[in-house]
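Trainee: 3D model of this:
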Amino acid sequence: MIRAEDLRKRYGDRVALDGVSFTVNAGEIVGLLGPNGAGKTTTLSILSGVIAPDSGRASIAKHDLATEPRVARRSLGLVPQSLALYPTLTALENLMFWGRIQGMASSDALSRARGLLEEVGLSDRADDEVNEFSGGMMRRLNIACGMMHFPAAIMLDEPTVGVDPQSRGRIFAVVEKAAQAGGAILYSTHYMEEAERLCNRIVLIDHGKIVAQGTDRELIALAGTEPRIEIMTKKALPPGWSNGIIGVSELPWEVVDGFAAALSLHTLEQVPDVIRRAGEVGDEVVEFHVHRPNLQDAFLKLTGHALRDAPST
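Mentor: Below is the predicted model of the structure:
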């Protein structure tokens, strides 16, 4: 339903996109994950027909944006990071406006608008002007506006920036319901936890290039990241204290107060053996923490920097 093929885009000397390719199928939520400046918004701008790529192809619902732009756009619901709302109109009037813009009959637009207001938790504020809304309420209404015309494909650009936990949870529920109804969802974000929580597949993008794509487990496996345990003992653990425990390796570790060590583990099943050995060698285990690999670890391994440390371009 959403297809990007070898998209390239340059702004002067700066390369914004360098051969970006991926697909989003019906009923699927695909996360476009990367730091600010990675190329996410440029990708969405091309896929929505706002700008043209220097080369490559983009299509929505099998309609090429270069040759069938009007038909392709009718199948698309775009939720931009910048709020596409009129502050002096009510929530209902905003939805009606966007529905009518998409060619919906008044009666159909009204029915759809009221249903979406209920879905995003704003039915009791339908007749209030948007300039009275909180940031989270505006974000929820922004999503509803992009969904008015029953689009087959929906693209969201950082939809939870600056929202409260209640609105974030409501947004997640709306996105998941749209996918369950058969919509193809492209969800652009720089929040790891959102991608892990929502997405069936994840596309990692950095400096305009696709670093890797797949499920969160596939990306973690691709990066070769493993669980690790950080352990503090009453007495110092000498080098080689874990020898004989198959599949573990000692990691460089520093601690200011007390004695501590860190190990990488092949599986979490090795934790009891490690704790038992540490207690024997270090007299007593005072504290330990087990870290399961996540997308942040995978991104760090695949790109050489943490997601939130990546420089903007």
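
Trainee: can you list the domain ranges for the protein.
Mentor: As assigned by automatic domain parsing, the chain contains the domains 2-221, 226-292.

Trainee: can you tell me which of the ones you listed comes nearest to Ala298?
Mentor: Closest approach to Ala298 among the domains of the chain (CB to CB): domain 2-221, 4.6 Å. Every residue, glycine included, has its C-beta placed from N, CA and C.

Trainee: Contacts for the helix or strand of the chain with the lowest mean pLDDT, please.
Mentor: Within the chain, no helix or strand scores below strand 259-264, which has a mean of 81 by mean pLDDT, DSSP states H and E. Outside of strand 259-264, the residues within contact range by CB atoms under 8 Å, 6 or more residues apart in numbering are 226-237, 241-242, 248-253, 274, 278, 282.

Trainee: Keep only those of those residues that are in strands.
Mentor: Using DSSP state E, the subset of the contacts of strand 259-264 located in strands is 228-233, 249-251.

Trainee: which among the residues you listed end up buried?
Mentor: With burial judged by 16 or more other CB atoms under 10 Å, the buried subset of the ones in strands among the contacts of strand 259-264 is 228-233.

Trainee: any idea where the strands of the stretch 1-150 of the chain begin and end?
Mentor: In the stretch 1-150 of the chain, the strands defined using DSSP state E, counting those that start in this stretch lie at 2-11, 14-24, 29-33, 55-60, 63-64, 76-79.

Trainee: Please work out which of these is packed deepest.
Mentor: strand 29-33 (a mean of 27; mean count of other CB atoms under 10 Å).

Trainee: and the angle from it to strand 2-11?
Mentor: Here strand 29-33 runs at an angle of 20 degrees relative to strand 2-11 (axes from the mean of the first three to the mean of the last three CA atoms, to 10 degrees).

Trainee: hmm, back to that, could I get the ones in strands among the contacts of strand 259-264 as a markdown table with distance to Met1 and pLDDT?
Mentor: Conversion of the ones in strands among the contacts of strand 259-264 to a markdown table gives the following (distance: CB to CB, whole Å; pLDDT from 0 to 100):
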| residue | distance to Met1 | pLDDT |
| --- | --- | --- |
| Arg228 | 39 | 85 |
| Ile229 | 43 | 90 |
| Glu230 | 44 | 88 |
| Ile231 | 48 | 91 |
| Met232 | 51 | 90 |
| Thr233 | 55 | 91 |
| Ser249 | 44 | 88 |
| Glu250 | 48 | 87 |
| Leu251 | 44 | 83 |
